[in-house]
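Trainee: What shape does this take:
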Amino acid sequence: MQPSSLPSDMAQPQIGHLVPLDQDLKEDASIAKIPLFRGVNSVGRNSLSVSDKRLSRNHLTLTASSDGSATLLVEGNNPVVVNSGTSRMKLYSRENGSVSNGDVIELIPGHYFFKYVISDTDNNSMEGNASSRKRSRQTSEPKVSAKNSKIVEVEGSSLVAGNSGNSLSKGESSEEAIRHFHVSNDKLALTFRLLRVQGLPQWANTSCVSIGDVIQGDILFAVLSNYMVDVDWLLNECPILSKIPQVLVVHGEGDGTLERMKRSKPANWILHKPPLPISFGTHHSKAMILVYPRGVRIIIHTANLIYVDWNNKSQGLWMQDFPWKERINPSKGCAFENDLTDYLSALKWPEFSVNFPNLGSFPINSSFFKKFDYSNAEVRLIASVPGYHTGVNLKKWGHMKLRTVLQECTFDREFKKSPLVYQFSSLGSLDEKWMAEFASSLSSGLSEDKTPLGLGEPLIIWPTVEDVRCSLEGYAAGNAIPSPLKNVEKAFLKKYWAKWKASHSGRCRAMPHIKTFTRYSGQKLAWFLLTSSNLSKAAWGALQKNNSQLMIRSYELGVLFLPSKRCSFGFSCTNTVSHPEDKCESSDNSKAQKTELVTLNWRRSSNMVSSSEIVKLPVPYELPPQPYSSEDVPWSWDRRYNKKDVSGQVWPRLVQLYSNQDDS
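Mentor: You can find the predicted model right below:
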């Protein structure tokens with residue numbers, strides 16, 4: 001074989017080599033090493049002098065940096081495997097990933113092995129390299145000096161001060177940015193977390209959570225709110241749920257699945273489906289409320305209570321614990337409390353009593369949840385309930401609630417006319433008039449000079465057919481992206497489509513069930529909403545009767561992150577050694593010290609001087625979004641796809657979502 005590296009600039013310095021290996025991963029001296037230069041290097045069939053047509057002429061490109069780090073992009077049709085330590089990452093066509101010194105690349109899975117070796121270790125290329133990779137990672141950690149501004153990296157002792165340097169070092173790729181995202185217990189409520197995904201490398205699940213991480217401890221009473229509930233799977237994952245004295249399950253299941261739930265549920269469970277006064281509505285909110293001897297845990301997330309949602313998809317979860325109010329001198333209510341109890345009241349569950357040890361018996365209704373102190377809530381609740389809302393209720397729900405909250409906020413000047421992102425997993429039947437109405441709500445807010453931010457141009461992040469076909473689940477993932485062709489193919493939507501790109505979070509192939517809406521400038525976020533709401537009139541509401549009435553069909557629930565004063569200091573329902581919290585005396589957004597919200601790919605500029613706390617949110621997709629190319633086709637679930645997926649399947653096909661699905 002001849003060297004196949006084709007650097008984009010032959011004058012660039014050499015970085016290292018691809019060292020050929022045999023099947024035993026020993027250096028194959030009969031084959032020449034492939035030199036790698038700084039910049040783009042191409043590896044393909046012709047330059048390797050092989051006739052195997054599984055290898056494309058331009059099979060992959062390696063973009064190498066001067067520090068030895070590299071990014072691999074699969075150019076051909078067949079996958080490439082990168083072996084790094086104990087992890088094995090398969091990359092499909094047009095996917096990319098990071099390559100470190102000592103990693104082994106399989107040009108075809110199981111064939112054509114090459115080791116990536118940077119120049120200063122060429123002489124020891126066949127020796128152990130774990131320590132060199134460790135040193136490489138250590139040298140790329142953030143370096144910031146202790147001066148004016150603060151970074152909340154949200155793990156352990158990672159509250160760092162500084163006004164220079166980058167959140168990632170200049171030579172480090174952002175391809176694995178989530179590797180550096182760490183969350184300590186006392187800072188959980190400042191941000192949200194992604195759910196763990198099976199089949200991803202370990203770095204991609206950094207600070208991610210499973211259902212057992214949040215449903216734990218001495219729970220006295222629980223409310224589980226969701227659309228779909230697999231009782232058998234849930235009890236297997238969280239056996240504690242069969243032992244809690246009372247569990248209220250607020251669900252959106254249909255009659256057939258409801259009968260299965262009734263057969264499988266423990267005796268301590270109460271099932272309730274909220275009223276749906278308007279046709280085609282659903283109970284779609286995804287939340288958990290866990291009551292403890294010390295307080296209450298509020299969890300808002302995006303996953304149905306089924307296996308595939310908690311293991312195979314991109315999902316998000318926010319959580320905060322709140323203490324009981326003092327009985328002698330109970331604190332007054334706050335916006336979070338009012339929003340929560342108003343929403344719970346709308347669910348209209350049948351009242352029942354629970355006996356709490358050392359506390360007594362309480363009727364469980366919406367008023368019961370006023371017994372907790374939410375004054376340190378880090379987010380605002382944005383909920384939807386079905387109905388025709390007028391008068392004071394016009395601004396209480398849906399996109400009008402979001403509009404009202406944003407109108408009370410002041411944002412940095414850089415967000416004037418800045419763009420919007422809509423990212424979700426189901427697309428309703430939309431029209432241009434409603435899209436303008438919705439964009440008007442999401443564009444609300446004032447700049448520092450007290451003038452309106454102005455209308456933002458939205459993009460819709462939505463998986464393509466190829467994204468679904470090549471995903472971890474193949475076409476089966478498309479079952480959870482349930483939008484028909486008649487909704488997706490509307491001509492006016494073409495200008496909105498943008499790609500699902502998630503290399504920095506490792507989730508390019510973990511299809512999104514998460515729902516998020518945001519306004520951004522670069523890698524900074526004016527605000528960020530994590531919600532159950534898809535892009536539909538049913539979820540967000542539509543104005544009627546000359547804008548005097550808002551019609552909503554479904555129940556939804558989300559949490560809004562704003563640049564407001566940090567309140568909580570780590571109260572925990574499950575950690576008895578947590579410290580008492582300070583109180584936020586003012587909820588006035590304009591008077592409070594602001595945090596700054598940024599993505600994982602945010603980098604600190606060298607001249608940045610700020611007294612704000614910087615809070616990173618693990619937005620799983622890349623900003624700014626990349627618009628569709630002419631070849632990209634948005635996924636719709638009611639079309640036939642004959643090109644086989646990663647499992648060798650075509651679409652449509654049966655997808656099992658419940659443990660005992662075949663029993664009904």
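
Trainee: I'd assumed residue 636 was in contact with residue 489.
Mentor: Yes. Counting by C-beta atoms under 8 Å, residue 489 touches residue 636, with 7.3 Å between them. The C-beta positions use only the backbone N, C-alpha and C, and glycine is treated the same way.

Trainee: Compare those two and say which is more crowded by neighbours.
Mentor: Neighbours were counted for residue 489 and for residue 636 using other C-beta atoms under 10 Å; residue 636 has more, 20 against 13.

Trainee: Okay, and that one sits in which element?
Mentor: Per DSSP states H and E: residue 636 is located in neither a helix nor a strand.

Trainee: can you pull the contacts of it?
Mentor: For residue 636, the contacting residues are 483-485, 487-489, by C-beta atoms under 8 Å, 6 or more residues apart in numbering.

Trainee: Leaving out chain neighbours, which residue sits closest to residue 483?
Mentor: Closest residue to residue 483 apart from its sequence neighbours, by C-beta to C-beta, 6 or more residues apart in numbering: residue 427 at 4.1 Å.

Trainee: The one you found against residue 534, yeah?
Mentor: Yes. In terms of C-beta under 8 Å, residue 427 counts as a neighbour of residue 534; the distance is 6.9 Å.

Trainee: Tell me how far the residue nearest to residue 398 when sequence neighbours are not counted lies from residue 561.
Mentor: Spatial nearest neighbour of residue 398, chain neighbours left out: residue 541 (3.3 Å); criterion: C-beta to C-beta, 6+ apart. From residue 541 over to residue 561 the distance is 22 Å, taken as C-beta to C-beta, to the nearest Å.

Trainee: Which one's more surrounded, the two?
Mentor: Higher neighbour count among residue 541 and residue 561: residue 541, with 32 against 23, using other C-beta under 10 Å.

Trainee: Show the pLDDT at that one.
Mentor: Residue 541 is assigned 98 on the pLDDT scale.

Trainee: How about the one 4 residues further on?
Mentor: The predicted local confidence for residue 545 comes out at a pLDDT of 98.

Trainee: count of neighbours near it?
Mentor: 10.

Trainee: which residues does it contact?
Mentor: Residue 545 makes contact with no residue, according to C-beta under 8 Å, 6+ apart.

Trainee: Can you pull the phi and psi angles for it?
Mentor: Phi and psi for residue 545, reported as degrees, to the nearest 10, are phi 50, psi 60.

Trainee: ok, it to residue 599 distance?
Mentor: Relative to residue 599, and taking C-beta to C-beta, residue 545 is found at 40 Å.

Trainee: same thing with residue 75?
Mentor: Taking C-beta to C-beta, one finds residue 75 at 27 Å from residue 599.

Trainee: do residue 253 as well
Mentor: Going from residue 253 to residue 599 by C-beta to C-beta gives 36 Å.

Trainee: next one: residue 651
Mentor: Taking C-beta to C-beta as the measure, residue 651 falls 33 Å from residue 599.

Trainee: does the spatially closest residue to residue 350 that is not a sequence neighbour have beta-bridge partners, and which?
Mentor: Spatial nearest neighbour of residue 350, chain neighbours left out: residue 272 (6.9 Å); criterion: C-beta to C-beta, 6+ apart. When assigned by DSSP bridges, residue 272 has beta-bridge partners residue 250.

Trainee: Run a quick neighbour tally on residue 272.
Mentor: Using other C-beta under 10 Å, residue 272 has 15 other residues around it.

Trainee: from memory it sits against residue 349, does it?
Mentor: Yes. Applying C-beta under 8 Å as the test, residue 272 and residue 349 come out as touching, 4.5 Å apart.

Trainee: Tell me how many other residues surround residue 360.
Mentor: Number of residues near residue 360 (other C-beta under 10 Å) recorded here: 8.

Trainee: gap between it and residue 220?
Mentor: Computed as C-beta to C-beta, the residue 360 to residue 220 distance reads 12 Å.

Trainee: same thing with residue 556?
Mentor: Distance of residue 556 to residue 220, given as C-beta to C-beta: 27 Å.

Trainee: When these two are compared, which one has more neighbours?
Mentor: Comparing residue 556 with residue 220 by neighbour count (other C-beta under 10 Å), the higher total belongs to residue 556, at 29 against 18.

Trainee: how about the helices in the stretch 501-650 of the chain?
Mentor: 537-540 (DSSP state H, counting those that start in this stretch).

Trainee: where do the strands sit along it?
Mentor: Taking DSSP state E, counting those that start in this stretch as the test, the strands found in the stretch 501-650 of the chain are 515-521, 524-531, 542-544, 549-552, 556-561, 595-598, 613-616.

Trainee: Let me see the residues that make contact with the fourth one.
Mentor: In this structure, residues lying in contact with strand 549-552 by C-beta under 8 Å, 6+ apart are 278, 281, 384-390, 394, 397-398, 400, 537-544.

Trainee: Now that strand: average pLDDT?
Mentor: Averaging the model's pLDDT scores along strand 549-552 yields 98.

Trainee: what pairs with that strand, and is each one parallel or antiparallel?
Mentor: Partners of strand 549-552 in the sheet, by DSSP bridges, are strand 387-390 (antiparallel), strand 542-544 (antiparallel).

Trainee: any chance of those strands in JSON lines, plus distance to residue 318 and mean neighbour count?
Mentor: Shown next, in JSON lines, are the strands paired with strand 549-552 (distance: least, C-beta to C-beta, whole Å; neighbours: other C-beta atoms under 10 Å):
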{"stretch": "strand 387-390", "distance to residue 318": "25", "mean neighbour count": "17"}
{"stretch": "strand 542-544", "distance to residue 318": "27", "mean neighbour count": "18"}
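
Trainee: Those strands into JSON lines, with extra columns for distance to residue 464?
Mentor: Output for the strands paired with strand 549-552, formatted as JSON lines (distance: least, C-beta to C-beta, whole Å):
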{"stretch": "strand 387-390", "distance to residue 464": "36"}
{"stretch": "strand 542-544", "distance to residue 464": "28"}
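
Trainee: wait, which of the ones you listed is closest to residue 56?
Mentor: Proximity to residue 56, assessed across these by C-beta to C-beta, is greatest for strand 542-544 (48.8 Å).

Trainee: how close does the closest residue to residue 368 other than its chain neighbours sit to residue 272?
Mentor: Distance criterion C-beta to C-beta, 6+ apart; nearest residue to residue 368, sequence neighbours excluded, is residue 362 at 5.5 Å. To residue 272, residue 362 is 18 Å away according to C-beta to C-beta.

Trainee: What of residue 443?
Mentor: Distance from residue 443 to residue 272, by C-beta to C-beta: 37 Å.
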